[in-house]
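>>> below is the sequence, then the predicted model.
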Amino acid sequence: MKHILLFVHLLFFSALSNAQQYKVAIDLTRVVSDRVPVEIDFVDFDFPETIEFQMPKIVPGTYSISDFGRALTDFKAFSNEGIELEVNRIDDNRWSINSADKLASVKYLVDDTFDSMEMREIFEPGGTNIEKDVNFVINTFGFIGYLETFSKYPFEISVIHPEFLYGASPMKREIISKTEETFFADNYFQMTDSPIMYSVPDTASVMIGNTRVMVSVYSPGEKVNADFVMKIVEPTLKGAGDYLGGVLPVENYLIMIYLTKSHTGSGGYGALEHSYSTVFVLPDVSGDFLAQTIVDVTAHEFFHIITPLTIHSEEIGNYDFINPKMSKHLWLYEGVTEYSSMHMQVRHGLVTPNEFLEVINEKLDFASDFTDDLPFTEMSLGALEKYEGEYANVYEKGALIGMCLDLKLLELSDGKIGVQELLFKLSETYGIERSFLDKNLFDEITELTYPEIREFFTRYVEGPESLPYAECLGYVGVDYYQPGEVLVNSLGNVGMGIDAGSDRLMVVGTEGMNNFGKQMGYREGDVFVSINGSPVNVDNFQKVYANFLALKDGDKVTIVVLRKNKKGIVKEKRLKGKVTAVVSANVGFVQWKPNPTERQLMIRKIWLNQK
């Protein structure tokens with residue numbers, strides 16, 4: 001289902017005028033020492049005597065410091081006559097340019113982050129890749145900078161590329177030739193929301209309401225292709241489109257998937273959302289293993305076209321890439337987004353009500369690993385530094401906040417208004433060009449809904465109280481059971497990764513290894529072959545692991561691993577021990593009430609979209 005030409009024609013865009021704009025030239029055919037030359041011309045700018053050129057310190061959606069200026073070398077500034085101007089580097093991300101009233105352009109070389117020893121900690125979906133004649137992952141904020149106070153000017157980005165590579169991007173473009181094209185963005189923020197990936201073309205597209213969604217895949221081992229990805233995500237995309245009302249705020253959306261045979265420098269896999277796209281970096285393994293991850297993450301990331309693209313505070317609307325101010329509303333940006341992705345799937349029959357309840361149980365489980373009495377707004381404001389370790393709770397307790405808010409609204413409105421309708425109302429009030437004031441959002445939501453909702457925010461989002469799970473779930477006939485200790489069999493509490501060469505699990509870290517792991521004698525680099533005689537790989541791990549969990553405390557266990565000996569020869573090693581049960585985190589759980597009332601059934605049917 002290839003639609004490259006159709007996609008290009010839809011994105012054909014006449015050139016912008018030459019008034020006050022950045023003209024960027026990137027030449028992917030001139031890769032030298034894994035670096036790409038970038039030149040930026042400043043058209044019709046009126047500069048002071050001194051000005052700063054800046055690269056982002058942090059970008060939206062990452063909530064961690066990246067310092068992309070570290071990727072730049074050989075930075076130079078020039079006048080219209082080609083005279084080199086004096087430049088002083090201020091820090092990792094800023095360069096001061098003297099005689100800036102004569103400034104016409106800057107030139108530099110940019111390195112990628114995927115294989116840079118200095119920048120390996122950058123999460124790959126928010127990073128860059130340069131692999132000459134093979135693949136270029138261009139998260140534009142890693143290649144292109146801007147001038148201080150001039151970030152709202154438009155960008156025209158010319159890319160020269162090998163003829164056999166196609167550049168997938170949600171940005172509008174004009175095709176110049178088989179080896180050159182120009183992309184257009186209204187401002188720096190929009191540009192950073194629009195990545196580009198050059199690779200041998202493997203694409204598929206579909207219309208979701210008024211939005212063309214494209215999938216672009218790079219799989220060096222040809223384990224996954226775009227047609228497969230589109231087949232598994234299309235039902236989710238259609239469900240999300242219906243959930244959001246059928247009319248979406250973007251014309252084009254890109255699902256970019258980069259698969260790697262090697263381990264990532266950051267040590268992780270995953271995705272980063274943009275308003276117009278999602279960038280995945282995953283292991284190059286079978287599609288069957290990746291399918292559910294791709295579907296679940298796509299369901300979440302696609303909802304970001306509403307929050308924060310359409311509904312956002314001034315902190316995001318006027319984003320500061322050097323010294324960003326955090327919003328206190330991560331419960332909305334990430335929490336409600338995660339909940340909506342879950343809720344949409346059950347409302348549109350993509351998962352069963354029982355499966356949906358199991359996801360809620362998982363959220364309760366994972367949320368128990370974080371500090372429950374830390375006010376969520378306080379955590380949001382400190383997510384970059386003070387509460388960095390608590391950030392991941394936005395996907396757990398944040399989603400549960402969204403769930404409780406939804407159920408509270410449905411109960412108060414007799415089923416007429418839930419989170420879905422609230423998002424519609426907020427979208428009508430705000431939009432891509434209009435931001436809300438961070439301090440006013442709770443009061444404005446209350447005006448749109450009920451006074452009881454302000455109390456909910458005060459106690460459970462701004463305050464330290466635990467969410468009222470029993471009360472809210474009770475509205476739909478779901479019983480909530482208080483947390484209690486449970487014993488589970490431990491596999492050793494070691495860090496697990498994937499051996500890309502064999503699609504098997506491997507030990508990548510032993511720092512937190514428990515007594516069972518020490519008893520077995522795991523070492524970093526051990527590749528799992530079998531558990532108690534059952535061959536194990538990424539495809540069947542869950543089944544084999546379920547059999548392991550069913551063993552009794554003290555039962556004998558034999559795990560066969562591949563391990564290098566002192567001579568560097570890989571041989572099978574039999575590790576033996578006895579099952580050791582450990583106390584899990586305290587977890588609450590939920591289940592359907594056996595005899596719900598008529599009202600509970602009525603609200604439940606509306607909640608789950610049951611006839």
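That came in fine, so what should we check first? Residues are numbered from 1 along each chain as shown.
>>> where in the stretch 351-500 of the chain is pLDDT low?
484-486 (pLDDT under 70).
>>> go again using 90 as the cut-off
In the predicted model of the stretch 351-500 of the chain, residues 365-366, 368-369, 383-385, 388, 424, 427-436, 481-500 satisfy pLDDT under 90.
>>> likewise the stretch 151-300 of the chain?
193, 244-250, 261-268, 273-276, 286, 288-289.
>>> now the strands: where do they sit in it?
Counting by DSSP state E, counting those that start in this stretch, the stretch 151-300 of the chain has strands at residues 155-160, 166-168, 172-177, 180-185, 196-199, 203-208, 211-218, 252-260, 270-273, 277-283.
>>> so can I have TSV of those strands showing distance to residue 355?
(Each C-beta comes from the backbone N, C-alpha and C, glycine too.) Converted to TSV, these look like this (distance: least, Cβ to Cβ, whole Å):
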stretch	distance to residue 355
strand 155-160	43
strand 166-168	32
strand 172-177	39
strand 180-185	40
strand 196-199	33
strand 203-208	23
strand 211-218	25
strand 252-260	23
strand 270-273	22
strand 277-283	23
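>>> closest to residue 462 out of those?
strand 270-273 (25.5 Å; Cβ to Cβ).
>>> let me have the strands of the stretch 151-300 of the chain in JSON lines, extended by mean neighbour count and distance to residue 30.
What follows is those, written out as JSON lines (neighbours: other Cβ atoms under 10 Å; distance: least, Cβ to Cβ, whole Å):
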{"stretch": "strand 155-160", "mean neighbour count": "21", "distance to residue 30": "8"}
{"stretch": "strand 166-168", "mean neighbour count": "22", "distance to residue 30": "16"}
{"stretch": "strand 172-177", "mean neighbour count": "15", "distance to residue 30": "17"}
{"stretch": "strand 180-185", "mean neighbour count": "21", "distance to residue 30": "13"}
{"stretch": "strand 196-199", "mean neighbour count": "25", "distance to residue 30": "14"}
{"stretch": "strand 203-208", "mean neighbour count": "20", "distance to residue 30": "26"}
{"stretch": "strand 211-218", "mean neighbour count": "25", "distance to residue 30": "21"}
{"stretch": "strand 252-260", "mean neighbour count": "24", "distance to residue 30": "22"}
{"stretch": "strand 270-273", "mean neighbour count": "22", "distance to residue 30": "28"}
{"stretch": "strand 277-283", "mean neighbour count": "24", "distance to residue 30": "25"}
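>>> so who does the residue nearest to residue 290 when sequence neighbours are not counted touch?
Using Cβ to Cβ, 6 or more residues apart in numbering and skipping residues adjacent in sequence, the residue nearest residue 290 is residue 282, 5.7 Å away. Counting by Cβ atoms under 8 Å, 6 or more residues apart in numbering, residue 282 touches 257, 258, 259, 260, 269, 270, 290, 293, 294.
>>> repeat for residue 496
Applying Cβ under 8 Å, 6+ apart, the residues near residue 496 are 505, 506, 507, 508.
>>> name the element it belongs to?
Using DSSP states H and E, residue 496 sits within strand 495-499.
>>> hmm, back to that, relative to residue 360, which of the strands of the stretch 151-300 of the chain is closest?
Across those, residue 360 has its closest neighbour in strand 270-273 (21.9 Å, Cβ to Cβ).
>>> dump that closest one to CSV, restricted to CA.
Taking Å, rounded to 0.1, in the frame of the first residue of the first chain, the C-alpha atoms of strand 270-273 are listed here in CSV:
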residue,chain,number,x,y,z
GLY,A,270,10.2,3.6,22.8
ALA,A,271,8.6,6.6,21.1
LEU,A,272,8.5,10.4,21.3
GLU,A,273,5.3,12.3,20.4
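>>> which residues of the stretch 401-550 of the chain fall in strands?
478-484, 487-489, 495-499, 504-509, 527-531, 534-535.
>>> now the fifth one: mean pLDDT?
When pLDDT is averaged along strand 527-531, the result is 93.
>>> which secondary structure elements does it contact?
strand 504-509, helix 541-549, strand 556-564 (3 or more Cβ pairs under 8 Å, 6 or more residues apart in numbering; DSSP states H and E).
>>> list the pairing partners of the last one within its sheet, with orientation.
Strand 556-564 has the following strand partners under DSSP bridges: strand 527-531 (antiparallel), strand 570-578 (antiparallel).
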